[in-house]
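Visitor: Generate coordinates for the sequence data below:
(one chain, ligands or ions: 1)
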Amino acid sequence: MLVHHLRPLDVGPARAASHEVDEALHGLGVPFEHDLDRAVVPIGDPAGKSALTRPLPNRVAEADTLHVSMDDDAAADHAAYSRAMEFRELLAKRRMVRAYEPEPIPQESLDRIVSTIRRAPSGGFSQGQRLVVIIDPETRERIAGIAGEEYYVGQGFAPWISGAAALIVVCACEEDYRERYRQPDKLDEDGSEIDWPVPYWHVDAGKAAMLVLLAAIDEGLGAGVFGLSAEGIAEVRGLLSIPEDVAIVEVITLGKAGADDPSDRLSSRGKRPRKSMDELVRWERWA
Ligand SMILES: Cc1cc2nc3c(=O)[nH]c(=O)nc-3n(C[C@H](O)[C@H](O)[C@H](O)COP(=O)(O)O)c2cc1C
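Guide: Residues are numbered from 1 along each chain as shown. Below you'll find the model as predicted:
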């Protein structure tokens with residue numbers, strides 16, 4: 001069981017209104033299932049059993065299918081936003097864990113965690129996210145060396161990377177986006193590929209990574225994230241044979257959470273205040 005150290009969020013007047021909506025969800029008691037391996041019925045399939053079986057007055061559905069993995073072209077059921085409480089509990093446990101017990105992760109857990117990638121949003125449904133999962137102890141040790149784990153150990157952390165039962169290298173395939181946006185429905189008015197205002201392949205890789213972090217908690221595991229230097233990226237690329245046109249964005253560590261007091265004392269989160277809601281969220285306009 002992870003201990004969470006999130007401070008209570010600043011709840012200003014504007015938030016109070018939405019808090020009332022949250023309260024209305026309290027009595028629903030929608031079960032939090034996580035079998036990620038069932039098929040979703042295709043949209044508009046008359047024979048298919050819709051998950052929106054009984055729309056409730058507050059527009060959330062009694063049943064939902066967010067836990068179901070997609071093994072066809074079906075859309076997710078948009079009636080699925082019925083888990084406010086479960087998400088809140090999950091979010092309260094969201095933190096970086098930098099110390100793990102040496103237990104392996106059951107394969108089914110890992111499968112469920114990585115299958116969340118198929119639910120990750122992506123611009124134009126380009127699906128440019130990629131994950132490379134590493135369980136092999138020797139490879140984990142090598143990556144720990146590349147990331148300079150001894151530095152963290154010297155700082156008082158546990159062997160964060162080599163001690164994690166699994167590592168997930170989060171990658172982004174830019175060409176998937178470019179190829180998608182060269183298709184007729186995505187071309188610019190002049191018939192050319194759009195001038196990308198934001199490198200969404202990196203952005204969307206982050207979204208997939210976030211799903212992995214949350215899915216890990218759902219599996220009762222801890223997770224951490226670290227980035228690599230340019231040299232480190234080159235080394236990991238060589239070690240894992242990741243092609244040059246696939247960007248390595250970050251690495252996630254996974255495992256059964258161990259005693260991780262050093263994170264609370266020594267990590268960035270432990271040493272600086274959490275920014276206020278007023279600083280982070282603006283309403284209607286910036287200023
Ligand atoms: C892209 C990325 C890179 C990170 N790299 C490191 C790292 O190298 N070392 C580290 O201790 N934490 C790293 N973190 C974790 C952050 O320090 C952490 O998310 C932040 O302090 C907030 O703490 P929390 O996630 O526990 O709430 C990284 C996080 C992200 C998203």
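Visitor: The longest strand seen in the chain packs against which elements?
Guide: The residue-count maximum for a strand in the chain (DSSP state E) belongs to strand 246-255. With contacts defined as 3 or more Cβ pairs under 8 Å, 6 or more residues apart in numbering; DSSP states H and E, strand 246-255 has these neighbours: strand 166-173, helix 200-218, strand 222-226, helix 230-240. For glycine as for every other residue, the C-beta is placed from the backbone atoms N, C-alpha and C.
Visitor: Is the shortest one in proximity to the ligand?
Guide: Yes. Strand 222-226 lies in contact with the ligand when judged by Cβ under 6 Å from any ligand atom; the contacting residues are 225-226.
Visitor: how far does that strand sit from the chain's center?
Guide: For strand 222-226, the distance between its averaged C-alpha position and the chain's averaged C-alpha position is 11 Å (Cα atoms, centre = their mean, to the nearest Å).
Visitor: again, but for the first one
Guide: Taking Cα atoms, centre = their mean, the mean C-alpha location of strand 166-173 is offset from the chain mean by 11 Å.
Visitor: how close does residue 92 get to residue 251?
Guide: From residue 92 over to residue 251 the distance is 25 Å, taken as Cβ to Cβ, to the nearest Å.
Visitor: Who has more neighbours out of those two?
Guide: residue 251 (25 against 13; other Cβ atoms under 10 Å).
Visitor: Mind listing the residues bridging to that one?
Guide: Applying DSSP bridges to residue 251 yields these beta-bridge partners: residue 169, residue 226.
Visitor: Test my guess that it contacts residue 228.
Guide: Yes. The pair formed by residue 251 and residue 228 meets the contact definition of Cβ atoms under 8 Å, at 6.7 Å.
Visitor: what sits in contact with each of these two?
Guide: Taking Cβ atoms under 8 Å, 6 or more residues apart in numbering as the contact definition, residue 251 and residue 228 share the neighbouring residues 147, 236.
Visitor: For this protein, which residues are neighbours of the ligand?
Guide: If contacts are counted using Cβ under 6 Å from any ligand atom, the residues of the chain sitting beside the ligand are 95-96, 225-227, 250, 267-269.
Visitor: Okay, now the unreliable bits of the stretch 51-200 of the chain?
Guide: Of all residues in the stretch 51-200 of the chain, those with pLDDT under 70 make up the ranges 51-85.
Visitor: let's see 50
Guide: Judged against pLDDT under 50, the low-scoring parts of the stretch 51-200 of the chain cover residues 51-75, 78, 80.
Visitor: need the strands for it, in chain order.
Guide: 129-134, 166-173 (DSSP state E, counting those that start in this stretch).
Visitor: how about those in a markdown table, adding mean neighbour count?
Guide: Putting the strands of the stretch 51-200 of the chain into a markdown table (neighbours: other Cβ atoms under 10 Å) gives the following:
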| stretch | mean neighbour count |
| --- | --- |
| strand 129-134 | 19 |
| strand 166-173 | 24 |
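Visitor: Distance to residue 133 and neighbour count added to the residues of the chain next to the ligand, as CSV?
Guide: Formatted as CSV, the entries for the residues of the chain next to the ligand read as follows, by distance: Cβ to Cβ, whole Å; neighbours: other Cβ atoms under 10 Å:
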residue, distance to residue 133, neighbour count
95, 22, 22
96, 19, 18
225, 15, 18
226, 16, 20
227, 18, 11
250, 14, 16
267, 25, 18
268, 26, 8
269, 26, 14
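Visitor: Which neighbouring elements make contact with the helix or strand following the longest strand of the chain?
Guide: Beyond strand 246-255 in the direction of the C-terminus, DSSP states H and E gives the next helix or strand as helix 261-266. Contacts of helix 261-266 with other secondary structure elements, assessed using 3+ Cβ pairs under 8 Å, 6+ apart, are made with helix 268-271.
Visitor: Many thanks, have a good one.
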